[in-house]
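Engineer: What follows is a predicted protein model with its sequence.
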Amino acid sequence: MATVIDPKSRPRADMSKFPEPNFKDTPITPDRYYSKEWADREWEMIWTKTWQIAGVAQQVQKVGDWFTADLGTETIVCVRGEDDVVRAFYNVCQHRGMPVVPNGSGNAKRLVCPYHGWAYNLKGILKTVPDEADFVQGSPCGKTNMVEIQCEVWAGFVWFNMDKDAAPLKSFLGPIVDMIDTYPMDKMVRTHWMTIEGEFNWKLIQDNFNESYHVPFVHPQTKFVMEYSHKFCQFDLFPEGHARMFMPGAGPTKTLRGGENETLDQLAQELAFWGLDPEQFRGGKTGEIRLALQKAKREKGASKGYDFSTYHDDQLTDHWHFTIFPNLSFSLKPDGNIWLRGRPHETDPEKCYFDMWYMTLFPEGTERYYSQSMTEWVDVSVPAPHVQGKVGEVDMGPGISQDVDVWGYQQRGLRSRGYKRDYLAWQERRVRFFHENLEKWMAR
C-alpha cells in the first residue's frame, strides 16, 4: 500500500561537507559490464530489493488512473484506488499469466484481463470471473488476487520496491530526502520524456554521472560556462550509498579564462530573462556573471512567479547533482531538473534502457515557459509524449547525446584483453563509492 510522505516547510539545504568514507580500492572488474552471471545476481540482489521510480504522481491524479512501468523482466502497474491510495502490483493475471493491462496508461473502474475477462478492483482483489461456478476447486474470486508490492509517493514521483521486507523509502534515501525537499519537486511537470535502447551496460550510465572529469572533453561547449575544475566542486558520499556534487555554473568563476563571446552567446537568453545586458560583462568581466545572476534572481524571482526564499544563493546558478543508488541521477536547478536513469535489459547485460526526463517548474500563473535549462519553450497543458527508440533515433539534446555516444565505444573497450581494471583519480571517488556499494548489496 502506498504511503504519501506529507510535504513540509522547505528548509534550506544542509551544505555541510560529509566525512569521507574509507575506500577498499578493490578492482572495478570489467566482467561486471558484460557477464550474464553478474547480471543475474544484480537482478536478484539489486533490482528486486531497491526503491525504483515507476513514474510521476501526475499520472495517477484521479481515482482509477493507472500506468505501467518496466524494470528488467517485470512490468509493474500503479493505480489510484477509490480510497485515494496509490498502489503498485505485478502486472500479471493470476489465471494464466497474461498481463492485466497493456503497457501505457489509462483510467478504469476495474482492471480487466483482456484474455479471459478476469476483473480486479483497484485494490487488486479479484471480483468477477466468467463461468465462476465452473471451477472445481471453488471460485477464485477474492482468493487469487493481484500481487501487491511496496509503493510510496514522494517528491512528485511514484516509487516501488519488490522486496516486501525493504525499509521505507525515507530510510533508504537517508539525508537525500531533506536535501531534495528543498526543491518543490511535487510542483514540477514532466515536459520531456525520452527512452533509448543502447548497446551498453546500465552501469556505464551511472559511472558517467558519478564524475565530472569527462565534462571538458565530452562536452567542450561548456568550457566557458561551467566550472568543471574539481578544485571548486564539493563531493559528498552518504552512508546509504547515495552521493551529491556541487558544481559552480553560470559563467566563468575562478580558473576559466577567455571565451568572452562564447560565454555571452550561451548565456544570452538567461541573462535577458533576468534583465541583465550581456554587453555589461565584456572587457574581462564575464567572471562577474555568476554573482550578478544570483543577485538578479534574488531580487526579481517573486515578480516572475518563483519563490527562492528557501534557496541558498549557490542554488540559483550552480549544478546540484545527486546520484541515488543504484541507477538514478538528478541535476537540480531553480526552474526544474534533468532526471537520468539506466535500466537493465531483460536478457542482455550488454544492452540497457536509458531514460531522460525533464521536470519543469512553471512560474506561478504561467502555462508556457522558456526553459533556461532545456533552451526551448515548453507548455504545461500538454502531457509529454514518450519518445522511444534506439541510439541515434532519439534526439536527447546535444549534452546528453554526447554522453550516449561515449558509452557504446566504452562497452567495446571493456571487452579488450588489454584492459584489466580501473585507475581512478580522487575526484572520481563517487564512481568507486558506487561500485563498492554495488558489491556490498551483491554480497548480502
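Structural biologist: Perfect, I can see it now. Numbering: from 1, shown residues only.
Engineer: The spatially closest residue to T29 that is not a sequence neighbour and R432: what is the separation?
Structural biologist: Residue nearest to T29 in three dimensions, not counting chain neighbours: R421, with 6.4 Å by C-beta to C-beta, 6 or more residues apart in numbering. For the C-beta atoms, the positions are set from N, CA and C on the backbone; glycine is no exception. Note on R421: its distance to R432, by C-beta to C-beta, to the nearest Å, is 12 Å.
Engineer: Those two: which has the busier surroundings?
Structural biologist: Set R421 next to R432 and count neighbours by other C-beta atoms under 10 Å: R432 wins out with 21 against 10.
Engineer: where along the stretch 201-350 of the chain do the strands fall?
Structural biologist: 234-237, 243-247, 319-324, 328-333, 336-344 (DSSP state E, counting those that start in this stretch).
Engineer: Tell me which of the ones you listed lies nearest to G174.
Structural biologist: G174 lies closest, by C-beta to C-beta, to one member of the strands of the stretch 201-350 of the chain: strand 319-324, at 10.1 Å.
Engineer: in the stretch 101-250 of the chain, what spans have low per-residue confidence?
Structural biologist: 224-229, 250 (pLDDT under 70).
Engineer: list residues touching both of R421 and R432?
Structural biologist: I28 (C-beta atoms under 8 Å, 6 or more residues apart in numbering).
Engineer: re the thing from before, tell me the pLDDT at the residue nearest to T29?
Structural biologist: Listed pLDDT for R421 reads 95.
Engineer: how about JSON lines for the strands of the stretch 201-350 of the chain, with mean neighbour count and distance to V101 added?
Structural biologist: As requested, the strands of the stretch 201-350 of the chain are exported to JSON lines (neighbours: other C-beta atoms under 10 Å; distance: least, C-beta to C-beta, whole Å):
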{"stretch": "strand 234-237", "mean neighbour count": "20", "distance to V101": "40"}
{"stretch": "strand 243-247", "mean neighbour count": "22", "distance to V101": "36"}
{"stretch": "strand 319-324", "mean neighbour count": "24", "distance to V101": "28"}
{"stretch": "strand 328-333", "mean neighbour count": "21", "distance to V101": "25"}
{"stretch": "strand 336-344", "mean neighbour count": "23", "distance to V101": "20"}
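Engineer: Just put these in JSON lines and tack on distance to D395.
Structural biologist: Listed next are those as JSON lines, based on distance: least, C-beta to C-beta, whole Å:
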{"stretch": "strand 234-237", "distance to D395": "31"}
{"stretch": "strand 243-247", "distance to D395": "25"}
{"stretch": "strand 319-324", "distance to D395": "22"}
{"stretch": "strand 328-333", "distance to D395": "19"}
{"stretch": "strand 336-344", "distance to D395": "15"}
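Engineer: which sections of the stretch 251-400 of the chain are below the confidence cut-off?
Structural biologist: For the stretch 251-400 of the chain (pLDDT under 70), the answer is 251-258, 372-375.
Engineer: residues contacting the residue nearest to T29?
Structural biologist: P27, I28, T29, P30.
Engineer: M98: neighbour count?
Structural biologist: Look at M98: counted by other C-beta under 10 Å, it has 14 neighbours.
Engineer: And the one 3 residues further on, by the same measure?
Structural biologist: Residue neighbour count, defined by other C-beta under 10 Å, stands at 22 for V101.
Engineer: in which helix or strand would I find it?
Structural biologist: If you go by DSSP states H and E, V101 is not part of any helix or strand.
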